[in-house]
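> Fold the following, please.
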Amino acid sequence: MNNSLKENINELKRMFNNSADFTVRDMKLKSQSNINAAIITIEGMCSKEVVAISVINPLLEYDFENADPEKALQIILKKVLTSSEIVEVNSLNEAVSFSTSGFAVLAVDGASKMLAIGTQGFSFRSVSEPESEVVQRGSREGFTEPLRINMTLIRRRIKSPDLVFETVTVGSSSQTQLMICYLQKRVSENILKEVRKRLAECDLKTVLASGYLSDYLEDKGKKSLFSGVGISERPDTVCGKLTEGRVAILVDGTPAVIVVPRLFVEEFQSVDDYSNRPYYAAFIRILKYISFFAAVFLPGLYTAFAQFHPEYFPTGLLIKTSEALLQTPLPVTLEVILIIFLYEIMREAGLRIPKPLGHAVSIVGALVIGESAVSSGIISSSSLMVVAIAAICSYVTSALYPPIMVLRFAFVIVGGIFGLWGIVLLTCVVIINMCGKTSFGVPYMSSLAPFSMRRMRDVFVRTNWRNLGKYTIKVQKFPETEENDA
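Down below sits the predicted model:
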């Protein structure tokens, strides 16, 4: 960036290729030398009313007398503008970044710097209850797309100077702004340093959602179906994790916040657990664990027992199941895989089609699979019931649905080929993989493997707040954690 206003404007126009939303408001400042100036904005990103009242009117009314351009810029910064957010800009790339973020950039002919004035006025969705993390009690607020609003939702809940936000930009083309959020007296410096390093290694051109960064935040060489990166849409959930020394990453343009490190047992916890009585919270958690195991193992066990170990069925159930399977032309393994596959198709269709047509998919699915297929003898009623129970159970822990779906297919195939022993062997492989996984040096299966008696107070059961509130365990102090306090 040089001192010539005309050259800077021409260069910006060239960078934007004369885009239709790139606007320049030329003006002459009231002074003895009639200093030229310009307001650079991106249409739709800033409020025209705020720009007119807070920027253009004060500039045109103020008399700069015999001030030179550099002095005039300092007068504007300190005396003229009333905006609460004004940043000095030292390069054209910074001017592009600020203007595309909703700032009005003021350039003065002959000045070596520009000023970025906060005049954001783009449309956005208001704060509302998140659909993926529904709670019966507690706050109804969820994160929204604008980054600054999400920062406010966290700051409102943690009114402490220990709460720190760091700005990071990723994506060479999208220039997506991130905020690294942490409590400086709780977080491990080693984990924080590693988060900064992995974000700096992100070489993507565009980052449009939090999922783009998941692979970069996973520990290298320790891949698994289960993710060591948590995603949350609730500020109260994120604030609770920050007190344990976690790091939250807010991504501009997405309502989901990344939380690292992430543990397996946290997939079965929710805000409602801490709002209800301990005995009821314990019942719900145990119910979630049972549902998870049923969603993963039930179709596979049914296939293995029906094909290799029918003696494990009670006599009455064996007779009913055998009669149902004899009336179908397909092997039980292929039959169960077909039903699961058709269910996944209907589920995906229900997610993608317009909401008014959702009932049509439900009716067609119930008639085609639930009634016609069983009546015509293509599939058995027992197989359909087993898959339906597993599908319902998988939604109890909806955050784990992707690995549950893959494992369900795997256990059905292994159970249909090798029987019960194949399921046992695959279970051992999955457990070893999960126990060997880490998230920023913290064992993914912490509290269970390695075992921690103190952490068990908030795993299968939740003790009362008198015990929970006495001591909050930092995530870097979990047993066998690689990243300890710096």
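> who's in contact with stretch 286-294?
Applying Cβ atoms under 8 Å, 6 or more residues apart in numbering, the contact partners of stretch 286-294 are Phe268, Ile389, Ala390, Cys393, Ser394, Val396, Thr397, Leu400, Ile404, Phe460, Val461. C-beta: built from backbone N, CA, C; applies to glycine.
> the helices in the stretch 1-150 of the chain, which residues?
5-16, 48-51, 57-61, 69-75, 92-99, 147-155 (DSSP state H, counting those that start in this stretch).
> So what's the gap between the shortest one and the chain middle?
Remark: helix 48-51 is offset 33 Å from the chain centroid, using Cα atoms, centre = their mean, to the nearest Å.
> excluding its backbone neighbours, what's nearest Gly419?
Phe308 (3.5 Å; Cβ to Cβ, 6 or more residues apart in numbering).
> In this structure the one you found contacts Gly422, no?
No: using Cβ atoms under 8 Å, Phe308 is not in contact with Gly422, being 9.2 Å away.
> circling back: let's have the helices of the stretch 1-150 of the chain in a markdown table, adding mean pLDDT.
Formatted as a markdown table, the helices of the stretch 1-150 of the chain follow (pLDDT from 0 to 100):
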| stretch | mean pLDDT |
| --- | --- |
| helix 5-16 | 89 |
| helix 48-51 | 86 |
| helix 57-61 | 88 |
| helix 69-75 | 88 |
| helix 92-99 | 87 |
| helix 147-155 | 88 |
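> Take these and lay them out in CSV including mean neighbour count and distance to Lys30.
Output for these, formatted as CSV (neighbours: other Cβ atoms under 10 Å; distance: least, Cβ to Cβ, whole Å):
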stretch, mean neighbour count, distance to Lys30
helix 5-16, 15, 17
helix 48-51, 15, 19
helix 57-61, 14, 7
helix 69-75, 18, 10
helix 92-99, 19, 24
helix 147-155, 18, 34
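> Which of the helices and strands in this structure ranks last by mean pLDDT?
helix 358-365 (a mean of 66; mean pLDDT, DSSP states H and E).
> next SSE after that helix?
helix 374-375 (DSSP states H and E).
> if we look at that following helix, which residues are touching it?
Against helix 374-375 from outside (Cβ under 8 Å, 6+ apart): Ser380, Ser381, Leu384.
> Of the residues you listed, keep whichever come out buried.
Using 16 or more other Cβ atoms under 10 Å as the burial test, these include Ser380, Ser381, Leu384 as buried.
> between the residues you listed, which is nearest Tyr343?
Leu384 (9.6 Å; Cβ to Cβ).
> Packing partners of the helix or strand that contains the closest one?
Using DSSP H and E, Leu384 sits within helix 381-394. Applying 3 or more Cβ pairs under 8 Å, 6 or more residues apart in numbering; DSSP states H and E, we find helix 381-394 packed against helix 278-307, helix 315-326, helix 332-352, helix 401-418.
> starting at the chain centroid, how far to that helix?
On Cα atoms, centre = their mean, the centre of helix 381-394 falls 29 Å from the chain's centre.
> May I see the buried residues of that helix?
So helix 381-394, judged by 16+ other Cβ under 10 Å, has buried residues Ser381, Ser382, Ser383, Leu384, Val386, Val387, Ile389, Ala390, Ala391, Cys393, Ser394.
> which among the residues you listed gets closest to Lys205?
Nearest to Lys205 among these, with distances taken as Cβ to Cβ, is Ser394, at 34.9 Å.
> Tell me the spacing between the residue nearest to the closest one when sequence neighbours are not counted and Ser227.
Excluding the flanking residues, the one nearest Ser394 by Cβ to Cβ, 6+ apart is Ala295, at 3.8 Å. To Ser227, Ala295 is 17 Å away according to Cβ to Cβ, to the nearest Å.
> With Arg125 instead?
26 Å.
> higher neighbour count, the two?
Ser227 (23 against 10; other Cβ atoms under 10 Å).
> if I look at the more buried one, how far off is Met1?
43 Å.
> sorry, back to before: make JSON lines out of the helices of the stretch 1-150 of the chain and add distance to Tyr312.
Putting these into JSON lines (distance: least, Cβ to Cβ, whole Å) gives the following:
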{"stretch": "helix 5-16", "distance to Tyr312": "70"}
{"stretch": "helix 48-51", "distance to Tyr312": "72"}
{"stretch": "helix 57-61", "distance to Tyr312": "83"}
{"stretch": "helix 69-75", "distance to Tyr312": "83"}
{"stretch": "helix 92-99", "distance to Tyr312": "65"}
{"stretch": "helix 147-155", "distance to Tyr312": "52"}
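> ok, the closest residue to Phe122 other than its chain neighbours - how many residues close by?
Distances taken as Cβ to Cβ, 6+ apart place Met45 nearest to Phe122, at 5.1 Å, with adjacent residues excluded. Met45 has 17 neighbours, counted by other Cβ under 10 Å.
> so what strands line up beside the helix or strand hosting Cys181?
According to DSSP H and E, Cys181 maps onto strand 176-183. Here strand 176-183 has these sheet partners by DSSP bridges: strand 163-170 (antiparallel), strand 247-251 (antiparallel).
> how many degrees apart are it and helix 147-155 in direction?
The directions of strand 176-183 and helix 147-155 differ by 10 degrees, with axes from the mean of the first three to the mean of the last three Cα atoms, to 10 degrees as the criterion.
> I'd like to check the angle between strand 176-183 and helix 92-99, please.
Using the same axes, to 10 degrees, strand 176-183 lies at 80 degrees relative to helix 92-99.
> For strand 176-183, which outside residues touch it?
Contacts for strand 176-183 (Cβ under 8 Å, 6+ apart): 101, 147, 150-151, 154, 158, 160, 162-170, 192, 195-196, 199, 206-208, 238, 242-243, 245-253.
> for the helix or strand just after it, what is the average pLDDT?
Under the assignment DSSP H and E, the closest C-terminal helix or strand after strand 176-183 is helix 189-200. Across helix 189-200, pLDDT averages out at 90.
> next helix or strand past helix 189-200?
Following helix 189-200 toward the C-terminus (DSSP H and E): helix 214-217.
> Now do the contacts for His415.
To be clear, residue 415 is Gly; His isn't right here. Residues in contact with Gly415 (Cβ under 8 Å, 6+ apart) are Gly300, Leu301, Thr303, Ala304, Gln307, Thr333, Gly422, Ile423.
> if we can go back for a sec, return the closest of the contacts of helix 374-375 with respect to Glu133.
Among these, and counting by Cβ to Cβ, the member closest to Glu133 is Leu384, at 30.6 Å.
> can you redo the helices and strands packed on helix 381-394 as CSV with mean pLDDT and distance to Tyr182?
Output for the helices and strands packed on helix 381-394, formatted as CSV (pLDDT from 0 to 100; distance: least, Cβ to Cβ, whole Å):
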stretch, mean pLDDT, distance to Tyr182
helix 278-307, 91, 27
helix 315-326, 74, 54
helix 332-352, 84, 34
helix 401-418, 93, 28
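> Output the ones you listed in JSON lines, with distance to Tyr471 appended to each entry.
Compiled in JSON lines, the helices and strands packed on helix 381-394 are given as follows (distance: least, Cβ to Cβ, whole Å):
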{"stretch": "helix 278-307", "distance to Tyr471": "17"}
{"stretch": "helix 315-326", "distance to Tyr471": "49"}
{"stretch": "helix 332-352", "distance to Tyr471": "42"}
{"stretch": "helix 401-418", "distance to Tyr471": "32"}
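> Ile9 is nearest to which of these?
Checked against Cβ to Cβ, the stretch from the helices and strands packed on helix 381-394 lying closest is helix 332-352, at 45.2 Å.
> Give me the residues contacting the closest one.
Contacts for helix 332-352 (Cβ under 8 Å, 6+ apart): 299, 302-303, 306-307, 325, 328, 330, 358, 361-362, 365, 369, 379-380, 383-384, 386-387, 391, 405, 408-409, 412-413, 415-417.
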